[in-house]
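> with the sequence up front, the predicted model follows.
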Amino acid sequence: MQDWVHILFRSLGTIVMLFVLTRILGKKQISQLTFFEYVTGITLGEIAGFLSTDVERSYLHGVIALAVWFALPLLVELVTLRSKTLREWLEGKGTVLIKEGKVLEDNLKKERYTADELLEQLRAKSVFRVADVEFATLEASGELSVMLKKENQPLTPAMLGIKVAPEEEPQTVIMDGNIMDEPLAVMGLNRGWLHTELEKQGYLLENVFLGQVDAAHQLYLDLYDDQVQVPEPQTKAVLMATLKKCGADLELFALSVDDSGAKQMYGGCASTMNAIIQDMTPLLER
């Protein structure tokens with residue numbers, strides 16, 4: 001057998017094995033690596049390279065080496081799930097670099113971290129003043145976790161006492177001008193509804209690059225023609241305006257009738273409608 005054919009078959013076999021082993025080891029192998037995972041990943045790659053091209057060596061021996069370097073990390077991972085001490089010894093643990101706006105220089109030296117590197121990591125988190133930081137920890141993965149001081153944290157609806165509706169994942173129902181039936185079914189919709197919405201907005205399916213539907217069944221479109229500005233859907237705004245109009249009409253009826261019973265009925269309905277509007281505001285005004 002010619003060498004190039006031999007290398008081809010060895011490489012294909014190695015790729016399949018490496019893919020299977022990596023899938024079993026899990027997503028951590030392609031995310032932020034710990035020290036042990038970093039060493040394991042490099043070694044597996046090196047063995048796979050030699051296994052593919054070194055035709056003078058036994059293929060079986062390479063497979064055995066690959067299996068050992070797969071089995072050992074898998075065993076260590078299973079053991080570290082049960083032992084915090086072993087997990088800290090193999091993977092390391094976080095080190096506090098900033099506390100109450102003050103850089104801890106001893107910890108910085110311990111991690112062989114320079115001030116420039118610290119500032120660079122902070123800038124990556126959109127933090128430009130050390131004094132704004134309440135707490136910053138260098139994680140075992142090398143990622144810097146930053147918590148700003150209370151007065152420097154972004155405002156949230158909870159801080160302002162505002163109720164907001166839970167966020168639901170929008171579904172992509174049109175991609176590259178093609179209708180995606182499964183996401184439509186997830187939203188409880190069909191192609192007829194989609195074609196009706198496209199007609200309302202005045203666009204043809206073949207002109208749509210991307211279409212998404214949110215939890216309120218509003219259709220957002222992105223067209224192939226970037227010069228065309230697609231207006232925002234107004235379904236929620238129209239519904240809110242309709243509810244407010246109903247409430248205002250009921251209040252007007254309560255003021256305009258002379259019969260006390262009718263006045264009381266319209267007034268009660270107006271109060272109920274205002275309560276409904278208040279409950280619906282987080283859902284419709286976002």
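Great, that's in hand.
> first-to-last residue distance for stretch 149-160?
Across stretch 149-160, the terminal residues are separated by 18 Å (Cα to Cα, to the nearest Å).
> and for that stretch, what's in contact with it?
For stretch 149-160, contacts defined as Cβ atoms under 8 Å, 6 or more residues apart in numbering pick out 101, 132-134, 163-164. C-betas here are computed from N, CA, C, even on glycine.
> same question for stretch 203-212.
With Cβ under 8 Å, 6+ apart as the test, stretch 203-212 has contacts from 170-177, 179, 194-195, 198, 219-225, 230.
> give the helix, strand or coil label for Ser52.
helix (DSSP: H, G, I helix; E, B strand; the rest coil).
> isn't it right up against Leu8?
No. Contact criterion Cβ atoms under 8 Å: Ser52 and Leu8 do not qualify, at 9.2 Å.
> between these two, which has more neighbouring residues?
With neighbours defined as other Cβ atoms under 10 Å, Ser52 and Leu8 compare such that Ser52 has more, 20 against 13.
> neighbours around the residue nearest to the more buried one when sequence neighbours are not counted, how many?
In this structure, Ser52 finds its nearest non-sequential neighbour in Ser11, 4.1 Å apart by Cβ to Cβ, 6 or more residues apart in numbering. Around Ser11 there are 15 other residues, counting by other Cβ under 10 Å.
> same question for Glu251.
17.
> try Val173
By other Cβ under 10 Å, 27 other residues sit near Val173.
> cool, and Ala124?
Ala124 is flanked by 11 other residues according to other Cβ under 10 Å.
> Pro154 now?
Neighbour count of Pro154, defined by other Cβ under 10 Å: 6.
> ok, now how distant is it from Lys99?
To Lys99, Pro154 is 21 Å away according to Cβ to Cβ, to the nearest Å.
> same question for Lys244.
Lys244 is 50 Å from Lys99, where distance means Cβ to Cβ.
> domain-wise, how is the chain divided?
The chain resolves into domains spanning 3-89, 95-152, 171-233, 236-284 when parsed by automatic domain parsing.
> next, format those domains as a markdown table and append mean pLDDT and distance to Ala158.
Compiled in a markdown table, those are given as follows (pLDDT from 0 to 100; distance: least, Cβ to Cβ, whole Å):
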| stretch | mean pLDDT | distance to Ala158 |
| --- | --- | --- |
| domain 3-89 | 70 | 29 |
| domain 95-152 | 90 | 13 |
| domain 171-233 | 88 | 20 |
| domain 236-284 | 85 | 12 |
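> could those domains go into a markdown table alongside distance to Met159?
As requested, the domains of the chain are exported to a markdown table (distance: least, Cβ to Cβ, whole Å):
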| stretch | distance to Met159 |
| --- | --- |
| domain 3-89 | 31 |
| domain 95-152 | 10 |
| domain 171-233 | 24 |
| domain 236-284 | 15 |
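> what number of residues lie near the closest residue to Pro233 other than its chain neighbours?
Leaving aside its chain neighbours, Pro233 sits nearest to Gln218 (3.8 Å; criterion: Cβ to Cβ, 6+ apart). Residues lying near Gln218 (other Cβ under 10 Å) number 16.
> could you measure from Lys244 over to Ala270?
11 Å.
> for Leu97, helix, strand, or coil?
Applying three-state DSSP: Leu97 is strand.
> I'd assumed Leu122 was in contact with Phe128.
Yes. Using Cβ under 8 Å, Phe128 is in contact with Leu122, at 7.2 Å.
> show me which of those two is the more surrounded one.
Leu122 (20 against 9).
> now do the contacts for that one.
Leu122 sits next to 128, 130, 133, 136, 144, 146 when contact means Cβ under 8 Å, 6+ apart.
> possible to save those residues as JSON lines with distance to Leu284 and secondary structure?
Shown next, in JSON lines, are these (distance: Cβ to Cβ, whole Å; DSSP: H, G, I helix; E, B strand; the rest coil):
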{"residue": "Phe128", "distance to Leu284": "37", "secondary structure": "coil"}
{"residue": "Val130", "distance to Leu284": "42", "secondary structure": "helix"}
{"residue": "Val133", "distance to Leu284": "38", "secondary structure": "strand"}
{"residue": "Ala136", "distance to Leu284": "40", "secondary structure": "strand"}
{"residue": "Leu144", "distance to Leu284": "39", "secondary structure": "strand"}
{"residue": "Val146", "distance to Leu284": "35", "secondary structure": "strand"}
